[in-house]
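Undergrad: need a structure here:
(one chain, ligands or ions: 2)
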Amino acid sequence: TYGKTSSRGKLIVFEGCDRSGKSTQCAMLTERLRKDGHKVEQLKFPDRTTSIGHMINNYLANKEEQRDEVIHLLFSANRWESMQKMSNLLLGGTTLVVDRYAYSGIAYSAAKGMDLQWCRQPDVGLIKPDKVIFMTLSADRASERAAFGEERYEKKEFQAKVEKIFEQLFEKSYWQNVSGDGTVEEVHNDVYGVVSQIVSSDCGPLEKLWT
Ligand code: FDM
Ligand code: MG
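TA: Numbers count the residues shown, from 1 in each chain. Ligands and ions are numbered 1, 2, ... in the order given. As a prediction, the model looks like this:
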């Protein structure tokens, strides 16, 4: 057997504000890594397909109200309900490319004025990413992109607050900022440069976030 297949898959997380290009880049990276011969699956949070995900979707679509604490815990529970599946895939050698994770959970809630440490607590113990790609986008480039939709949080002033909190969450050892200002191909090449090595390397056992 090959050394590569015996090592676990890697957890690659994309974070950033709305319209920073995360979804496009997740899809391109997944395709590229598959072409390289890796087993790769793409996931996104919130996962709107579960019962908890339906509640989150109704909240985001402004069809239902929830206390800030309640929706925060639902977003976290929506990640916890994926942990068994994710660890099975990772340990089986599949790399996961994930659109948003616990950092979005904290940034969007804390941007409402909630206590950051309180917000972090429910996600303590999730599988720790091997790499977080934080997509940045200048205000100028952001304003050139398509207008925001109708969902909750899709407001310029709120997004600026979210960006500030993301900056506080930066963890030197495994975060990498990638500018979303280039063409999709340019940004993709930067992203690929950041992850191609880690995906082929041996990262040791899965770790728990913030423990
Ligand atoms: N969001 C996303 C949160 O508020 N908390 C979370 O834990 C996560 C994962 O949900 F405004 C917000 C971020 C965004 C909205 O996300 C929906 P997508 O990526 O647009 O589906
Ligand atoms: Mg959105």
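Undergrad: which other helices and strands does whichever strand or helix holds Met86 contact?
TA: According to DSSP states H and E, Met86 maps onto helix 83-91. Contacts defined by 3 or more CB pairs under 8 Å, 6 or more residues apart in numbering; DSSP states H and E place helix 83-91 against strand 95-99. Every residue, glycine included, has its C-beta placed from N, CA and C.
Undergrad: tilt between the strand it packs on and helix 83-91?
TA: Going by axes from the mean of the first three to the mean of the last three CA atoms, to 10 degrees, strand 95-99 is angled at 130 degrees with respect to helix 83-91.
Undergrad: next SSE downstream of strand 95-99?
TA: helix 102-110.
Undergrad: what's the distance between that next one and the middle of its chain?
TA: 10 Å (CA atoms, centre = their mean, to the nearest Å).
Undergrad: can you list contacts of that helix?
TA: 13, 15, 45, 68, 71-72, 75-76, 79, 116, 119-120, 122-123, 126, 132, 153, 162, 165-166, 169, 209 (CB atoms under 8 Å, 6 or more residues apart in numbering).
Undergrad: hmm, which of those residues are the buried ones?
TA: 13, 15, 45, 71-72, 75-76, 79, 119-120, 122-123, 126, 132, 162, 165-166, 169, 209 (16 or more other CB atoms under 10 Å).
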